[in-house]
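Trainee: All I have is the shape, not the residue letters:
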């Protein structure tokens, strides 16, 4: 069982990852509809992921990272400063 402090840290990291998904999706100019279609779910279901209303399985998180063209590790540890890294990677392609 998680203590309150551990649960709060877990919740914060989850919110950070969800925010990273949104930031990278927007950077790539992908719509929620596009990601939802790639994930074979409705736009409403995808929206609930970004809002933190529904849990994301590891499998789904890996699939999202693949769609966003970023590694799972980069997605989990992404920060605003990493946007330049994504731009460089995109230009090199």
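Mentor: Perfect, thanks for sending it. Computed from a prediction, not measured in an experiment: that's the story for all the values here.

Trainee: now residue 66: how far from residue 10?
Mentor: In this view, residue 66 and residue 10 are 24 Å apart by C-beta to C-beta, to the nearest Å. No exception for glycine: its C-beta is placed from N, CA and C like everyone else's.

Trainee: what number of residues lie near the nearest residue to residue 15 once chain neighbours are set aside?
Mentor: Sequence neighbours aside, residue 52 is the residue nearest to residue 15 in space, at 6.2 Å (criterion: C-beta to C-beta, 6 or more residues apart in numbering). The number of residues packed near residue 52 is 14, by other C-beta atoms under 10 Å.

Trainee: Quick check: residue 52 touching residue 14?
Mentor: Yes - at 7.0 Å, residue 52 and residue 14 qualify as touching, with contact defined as C-beta atoms under 8 Å.

Trainee: name the element residue 44 belongs to?
Mentor: Using DSSP states H and E, the element containing residue 44 is helix 43-51.

Trainee: Pull out the buried positions in that helix.
Mentor: 46-47, 49-50 (16 or more other C-beta atoms under 10 Å).

Trainee: where do the helices sit along this protein?
Mentor: With DSSP state H as the criterion, the chain has helices at 4-27, 32-39, 43-51, 58-67, 72-77, 83-92.

Trainee: comparing the ones you listed, which gets the lowest mean pLDDT score?
Mentor: When the helices of the chain are compared by mean pLDDT, helix 83-92 comes last with a mean of 52.
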